[in-house]
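**Q** This is the structure alone, sequence omitted:
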């Protein structure tokens with residue numbers, strides 16, 4: 001067997017985890033997991049509400065009516081009204097778009113930073129690895145809630161400051177995960193073969209290591225979205241999130257807590273929306289973790 005043939009055979013092994021066969025087996029394993037399928041249904045429902053909520057909402061989110069304030073659930077108002085007479089269901093639909101937008105953008109920032117720094121740290125090692133890992137230690141040592149409160153207080157509450165803060169505080173786990181994956185992959189045969197063929201470090205990291213290390217990152221991203229939704233809702237509950245009159249699930253709970261005994265629907269329905277969305281993403285994350293585990297196919 002020639003060196004070129006050997007190298008070609010080795011490189012072909014790198015495609016195993018991203019091949020149609022592997023992806024097909026992973027998809028079948030995912031859909032056999034009933035909990036994961038339920039989670040996927042919830043996530044798809046929330047995405048539908050986020051994208052098409054403004055089109056299907058029966059009322060504008062900020063239309064007030066003194067005569068209809070604190071009305072219980074009825075045919076006219078599916079989830080009742082708040083203390084300003086605004087339709088709770090319509091505000092939930094608009095709030096879904098806002099929450100998912102913040103979650104996706106903040107996770108995109110966190111994953112971009114984490115994956116890039118993790119690749120660099122794991123590949124180059126040495127002082128660069130030490131510096132990046134000490135930086136992640138510093139991020140882990142910062143209390144997330146305190147950081148978010150201070151950051152938003154300085155920059156003023158807005159969705160831009162929130163997703164930037166959540167992205168900057170959330171990348172450390174992705175970096176640690178990517179580094180550990182690179183350390184286990186960098187001495188594999190397909191990487192050595194690519195190096196022997198003269199491939200540059202950026203090319204190896206981008207086209208050989210990254211595709212084989214993405215599965216754990218995808219799982220972390222799905223679980224991270226759930227955490228971001230909770231964090232954003234917590235900030236809004238404290239009055240440091242998206243400001244009124246823009247609808248936010250956390251701010252709706254904050255406003256409804258004063259009417260728990262007289263208007264239970266005011267805070268209960270936003271709380272249920274948060275709970276179901278977080279559960280959905282957690283179920284999907286757990287299902288992806290199991291389905292993308294290569295040990296299942298050994």
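**A** Looks like it came in fine. As the structure is a computational prediction, the values presented were derived from the model and not from experiment. Residues are numbered from 1 along each chain as shown.

**Q** C-alpha only now, for contacts and for neighbours.
**A** Will do.

**Q** Distance from the chain centre to the longest helix along the chain, please.
**A** Counting residues, the longest helix found in the chain (DSSP state H) is helix 88-124. Mean-position distance between helix 88-124 and its chain equals 5 Å (CA atoms, centre = their mean, to the nearest Å).

**Q** other SSEs contacting it?
**A** Packing contacts for helix 88-124, counted by 3 or more CA pairs under 8 Å, 6 or more residues apart in numbering; DSSP states H and E, involve helix 34-56, helix 126-141, helix 159-169, helix 172-185, helix 210-237, helix 249-256, helix 265-291.

**Q** List the buried residues for the fifth one?
**A** What that stands for is helix 210-237. 210, 212-237 (16 or more other CA atoms under 10 Å).

**Q** from what I can see residue 242 touches residue 156, true?
**A** No. Using CA atoms under 8 Å, residue 242 makes no contact with residue 156, being 9.9 Å away.

**Q** who has more neighbours, these two?
**A** residue 242 (27 against 16; other CA atoms under 10 Å).

**Q** quick one: contacts for the more buried one?
**A** Applying CA atoms under 8 Å, 6 or more residues apart in numbering, one finds that residue 242 lies in contact with 157-159, 236, 248.

**Q** ok, now residue 183?
**A** With CA under 8 Å, 6+ apart, residue 183 has these contacts: 122-123.

**Q** Tell me how far it lies from residue 213.
**A** When distance is defined by CA to CA, to the nearest Å, residue 183 is 10 Å away from residue 213.

**Q** try residue 59
**A** 46 Å.

**Q** middle-most residue in the chain, spatially?
**A** residue 225 (2.2 Å; CA atoms, centre = their mean).

**Q** Identify the residues contacting the residue nearest to it when sequence neighbours are not counted.
**A** Distances taken as CA to CA, 6 or more residues apart in numbering put residue 103 closest to residue 225, at 5.3 Å, once the chain neighbours are dropped. Neighbouring residues of residue 103 by CA under 8 Å, 6+ apart: 163, 225-226, 228-229.

**Q** JSON lines for the residues you listed, including distance to residue 199 and pLDDT?
**A** Output for the contacts of residue 103, formatted as JSON lines (distance: CA to CA, whole Å; pLDDT from 0 to 100):
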{"residue": "163", "distance to residue 199": "37", "pLDDT": "83"}
{"residue": "225", "distance to residue 199": "35", "pLDDT": "86"}
{"residue": "226", "distance to residue 199": "38", "pLDDT": "85"}
{"residue": "228", "distance to residue 199": "38", "pLDDT": "86"}
{"residue": "229", "distance to residue 199": "41", "pLDDT": "86"}
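
**Q** And the closest residue to residue 289 other than its chain neighbours, what's its pLDDT?
**A** Nearest non-adjacent residue to residue 289, counting by CA to CA, 6+ apart: residue 219, 5.8 Å away. The confidence metric pLDDT takes the value 82 at residue 219.
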